[in-house]
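Participant: Any chance you can model this:
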Amino acid sequence: MTNFLNDKYSDLDSVAKKNYMSYAAADPFPHIVFDNFFNENILNEILDEFPKKLDKVGAKFDTNQEKKSFSENPDKLSPKINNFFNFTNSHRFINFINKLSGLERALIPDPYLLWGGLHEIKNGGFLNVHCDFNKHPKMDLDRRINALIYLNHNWQDQYGGALELWDKDMKNCVQKIKPIFNRMVIFNTTDFSFHGNPDKVNIPDDSKSRKSIALYYYSNGRPDNERSPKDHTTLWENRPNSSDTKKNITYKKIFWKIYYKLKS
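Facilitator: Numbering: from 1, shown residues only. Next comes the predicted model:
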């Protein structure tokens with residue numbers, strides 16, 4: 001049987017219990033960062049088989065809010081990459097996240113990997129600060145947890161692309177997390193869990209890029225104080241003293257067109 005985890009984290013129940021309190025108390029919203037969490041060989045194999053032109057096997061967002069490519073289609077990804085997704089959607093892994101986060105409802109994986117899967121940001125790309133869409137259009141479930149796994153060897157601060165976690169009032173960036181290889185960030189997603197990587201990627205070698213795996217987990221219902229009464233697309237926010245803009249009509253039209261197509 002394939003060992004997807006670093007031996008240090010093989011007992012997922014113990015890892016969840018040990019880190020539950022620090023996860024819940026993290027600022028600005030519940031989250032945690034694990035380094036070297038997975039079997040390094042497995043992630044290197046995924047990196048080797050990462051599609052050379054991700055936008056050709058997936059899709060690309062090119063708006064004033066984000067410039068990135070992603071692929072959520074398992075038919076376009078290698079068996080080894082699909083095996084990894086099968087593990088992160090397994091009872092063992094989901095039970096770990098459920099215990100770590102302490103959510104009152106059992107988490108449900110997304111077999112469709114909707115807007116998740118493999119992500120890539122090339123030079124000049126970015127993802128502005130936002131909170132995520134709150135409802136899965138195909139499963140009609142509430143989005144609760146994000147898990148991001150980074151695949152970038154020798155990533156330098158000057159390359160940009162750090163994950164930023166902002167406070168509820170969008171006054172301060174509280175955490176700035178470098179997207180280094182085999183680092184996993186898990187966090188609650190609500191209508192005020194503002195995050196993004198708004199600093200443009202700038203790598204001297206144009207052949208390299210910021211690569212990651214995005215996993216989203218859901219539940220049937222959620223506390224009323226975590227979400228708006230209505231389903232919504234991504235909610236963008238402007239950083240103070242920046243040139244960010246919330247307005248992106250084209251983005252919303254694209255999102256809702258896909259949303260309603262999936263619901264039908």
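
Participant: Enumerate every residue touching the closest residue to residue 82 other than its chain neighbours.
Facilitator: Nearest non-adjacent residue to residue 82, counting by C-beta to C-beta, 6 or more residues apart in numbering: residue 74, 5.1 Å away. Just so you know, the C-beta spots here come from the backbone N, C-alpha and C atoms, and that holds for glycine as well. Going by C-beta atoms under 8 Å, 6 or more residues apart in numbering, residue 74 touches 82, 85, 113.

Participant: ok, residue 74 to residue 112 distance?
Facilitator: As for residue 74, its distance to residue 112 is 9 Å (criterion: C-beta to C-beta, to the nearest Å).

Participant: do residue 93 as well
Facilitator: Residue 93 is 17 Å from residue 112, by C-beta to C-beta.

Participant: between those two, which one's more packed in?
Facilitator: More crowded of residue 93 and residue 112, by other C-beta atoms under 10 Å: residue 93, with 20 against 17.

Participant: Surely that one forms part of a strand?
Facilitator: No - per DSSP: H, G, I helix; E, B strand; the rest coil, residue 93 lies outside any strand segment and is helix.

Participant: lowest-confidence helix or strand of this protein?
Facilitator: For the chain, using mean pLDDT, DSSP states H and E, the weakest element among its helices and strands is helix 249-263, scoring a mean of 50.

Participant: Quick one: neighbours of the closest residue to residue 190 other than its chain neighbours, just the number.
Facilitator: Once flanking residues are discounted, residue 190 sits nearest to residue 226: 4.2 Å by C-beta to C-beta, 6+ apart. Number of residues near residue 226 (other C-beta under 10 Å) recorded here: 15.

Participant: so residue 226 sits right up against residue 191, yeah?
Facilitator: Yes - counting by C-beta atoms under 8 Å, residue 191 is a contact partner of residue 226 at 6.5 Å.

Participant: re earlier: and which of the contacts of residue 74 is nearest to residue 154?
Facilitator: Taking C-beta to C-beta as the measure, residue 154 sits nearest to residue 85 out of those, at 25.7 Å.

Participant: Can you give me the buried ones in the strand or helix carrying the closest one?
Facilitator: Assessed by DSSP states H and E, residue 85 sits inside helix 79-88. Buried residues in helix 79-88, defined by neighbour count with 16 or more other C-beta atoms under 10 Å: 81, 84, 85, 87, 88.

Participant: what pLDDT, on average, does that helix get?
Facilitator: For helix 79-88, the mean pLDDT works out to 97.
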